[in-house]
Structure formats: C-alpha cells, structure tokens
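Trainee: Next input, structure requested:
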Amino acid sequence: MSKLVILGIIFLALIPLIGDSFSSFQTKIGDDIFIFVQTNLRNSDGQLVTYLESSKFTNLNQSALDLFLDFESSGGNDPIITIDGKQFQIIRRVQTQSFNSEGLVASTNLFDNVGKKPVLLARFAHDGYTTISGDTLESVWTFIRPVS
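Mentor: Below is the predicted model of the structure:
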C-alpha cells in the first residue's frame, strides 16, 4: 500500500475526533451577527494580486466577538440602518499587513487581545495565496448586527 493511501485512511479516521475544527458557519443578514470579509493582496507596485471574499467562517467565537463589537462600537461612530423595518448597526474595520518574506497564507483571521492574550474571534479559511516581500494585505471586516 502506498504511503499516500495510508495517510488518507488515517486522515479519514481522525475526522470524527476533530470534527469541530472543520465546522463552518454561514452568516446572513438577520442573524445575531452577519460577518462579511473582503481580502485583497497587492504587490509592491500596488497591483491587485489576489481578491477573496466570504460570509462563511470557521472557529467563530460568538461570545468573544460580541465583546469585541461592543467595545468597537462604544464610540458611537458606526452607522445604524433600517432593513425591512428592523434596525441594524454596521461596524466596519480594516486590517493591513505587509510582508517582508515569501510565504503562504491559508486563512484570514480576526484576533482580539483579551487579558493580554490573543483570542481568535473568527477565521475565514480559504485555499490560500502566496506572498513575496513587498506585498501588502488588506482585510475589510464588515459586521452587521441587530440593534436591540
């Protein structure tokens, strides 16, 4: 039996044991929270190399995300809109990162520091993209939640 087949069998056997790590959540407007992320990678000349977007996430930490959004919106600068007679708050934040070496990015993550410790709030898992020195990544996170 080839090593590839054996590794495939072992991986399939482990899936039930690690099931939650592969769980994904599709968000939509009207849920407790709608999340939409747009990620673009530009080279050192500013040319677009990669564009990804999604409203489907893994590792969604709802309670930590709620605390993060409460803090982020406490300044009162995030707009409130009305959709079908219901009010929603729109919170949009931008993350940027520059790369100084080659690499592979396999997910777009949103972290917050809680008690001086980084906590993963949400992960947009994707097929990935390669980076080289001079590339710049921008992720625009949009959150829409009902106003109570």
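Trainee: Ser63 belongs to a helix, doesn't it?
Mentor: Yes. Judged by DSSP: H, G, I helix; E, B strand; the rest coil, Ser63 forms part of a helix.
Trainee: Mind pulling up the pLDDT for it?
Mentor: Predicted confidence (pLDDT) for Ser63: 88.
Trainee: what do you get for the one 3 residues further on?
Mentor: If you check Asp66, the pLDDT there is 90.
Trainee: can you check Arg42 too?
Mentor: pLDDT, Arg42: 96.
Trainee: can you give me the helices for this structure?
Mentor: Using DSSP state H, the helices of the chain run over residues 3-14, 62-72.
Trainee: From Asn113, how far off is Glu138?
Mentor: From Glu138 across to Asn113, the span is 21 Å (CB to CB, to the nearest Å). No exception for glycine: its C-beta is placed from N, CA and C like everyone else's.
Trainee: Looking at these two, which one has more neighbours?
Mentor: Remark: of Glu138 and Asn113, Glu138 carries more neighbours, 13 against 9, as counted by other CB atoms under 10 Å.
Trainee: how far away is Ser133 from Asp32?
Mentor: In terms of CB to CB, Ser133 sits 41 Å off from Asp32.
Trainee: do Ser139 as well
Mentor: On the measure of CB to CB, Ser139 and Asp32 end up 22 Å apart.
Trainee: Please apply the same query to Gln97.
Mentor: With CB to CB as the criterion, Gln97 and Asp32 are 29 Å apart.
Trainee: How about Asp78?
Mentor: Counting by CB to CB - Asp78 and Asp32 are separated by 17 Å.
Trainee: likewise Asp135?
Mentor: On the measure of CB to CB, Asp135 and Asp32 end up 35 Å apart.
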